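K.L.:
with the sequence up front, the predicted model follows.
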Amino acid sequence: MSNSPNVAVLVGSLRKGSFSRRLAKAMMALAPSELKLSIVEIGDLPFYNEDLETESPPAEWKAFREKIAASDALLFVTPEYNRSVPAVLKNALDVGSRPYGKSVWDGKPGAVVSNSPGAISGFGANHHLRQSLVFLNVPAMQQPEAYIGEVHKLLGEDGKIANADTEEFLRGYMAAFAGWIGRNRG
């Protein structure tokens, strides 16, 4: 294990211009230099179906599991759909947790950032995701919490954070996450 943690970034939205993806990229740019962050795509994962869990599971599952297994930590950036996480993100959790007893999530420190154009800022998604992470044995950073409301007003056309206070908060959040990884890694 190198001193520079590899962080898998999982974005819970598939939309090309999604706020979650733009926010994730902005946060990656604000992260301490010792973190190696990369987005792990989840949109091409076939829905989890135990019938496909054979000696030759779908290639997309295998590749995804290998990427998560090779990571040291996890950053989830998600919108909220109907007071919960989007189906694509829940599916990724399910694919990575199987076959039973071989979860690629186990013990990896994580952090959750939810966002929404609305004022509630993805509170429901944030907490539903945390509920799954408890079962998956992902120690999720508790403080600071990150609920980014009115996200559409905070992201500039250039992809950067357009609000100085939000940029300062997210820079601090990523620094706290680096510390969390250091305390909970391995």
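P.N.:
Thanks, I have the structure now.

K.L.:
contacts only, for the residue positioned nearest the centre of the chain.
P.N.:
Centroid-nearest residue in the chain, with CA atoms, centre = their mean: Phe76, separated by 1.4 Å. Phe76 is in contact with Leu10, Gly12, Leu89, Gly110, Ala111, Val112, Val113, Leu129, counting by CB atoms under 8 Å, 6 or more residues apart in numbering. Just so you know, the C-beta spots here come from the backbone N, C-alpha and C atoms, and that holds for glycine as well.

K.L.:
look up phi and psi at it.
P.N.:
Main-chain dihedrals, Phe76, degrees, to the nearest 10: phi -100, psi 130.

K.L.:
can you list contacts of the top helix by length along the chain?
P.N.:
Longest helix of the chain, by residue count under DSSP state H: helix 164-184. Defining contact as CB under 8 Å, 6+ apart, one finds that helix 164-184 is touched by 5, 7, 26-27, 30-32, 34-35, 72-73, 75, 109, 111, 113, 139, 141, 143-144, 146, 148, 154, 160-161.

K.L.:
remind me which residues of the protein are low pLDDT?
P.N.:
1-2 (pLDDT under 70).

K.L.:
report back the residue of it that's furthest from centre.
P.N.:
Glu55 (28.2 Å).

K.L.:
how near is it to Met28?
P.N.:
Per CB to CB, to the nearest Å, Glu55 is found 36 Å from Met28.

K.L.:
can you check Lys160 too?
P.N.:
On the measure of CB to CB, Lys160 and Met28 end up 11 Å apart.

K.L.:
show me which of these two is the more surrounded one.
P.N.:
A count of neighbours by other CB atoms under 10 Å puts Met28 above the other of Lys160 and Met28, at 18 against 14.

K.L.:
got the contact list for the more buried one?
P.N.:
Counting by CB under 8 Å, 6+ apart, Met28 touches Val9, Leu37, Ile39.

K.L.:
now the buried members of the contacts of helix 164-184.
P.N.:
Neighbour counting with 16 or more other CB atoms under 10 Å marks 5, 7, 26-27, 30-31, 35, 72-73, 75, 109, 111, 113, 139, 141, 146, 148, 154, 161 as buried within these.
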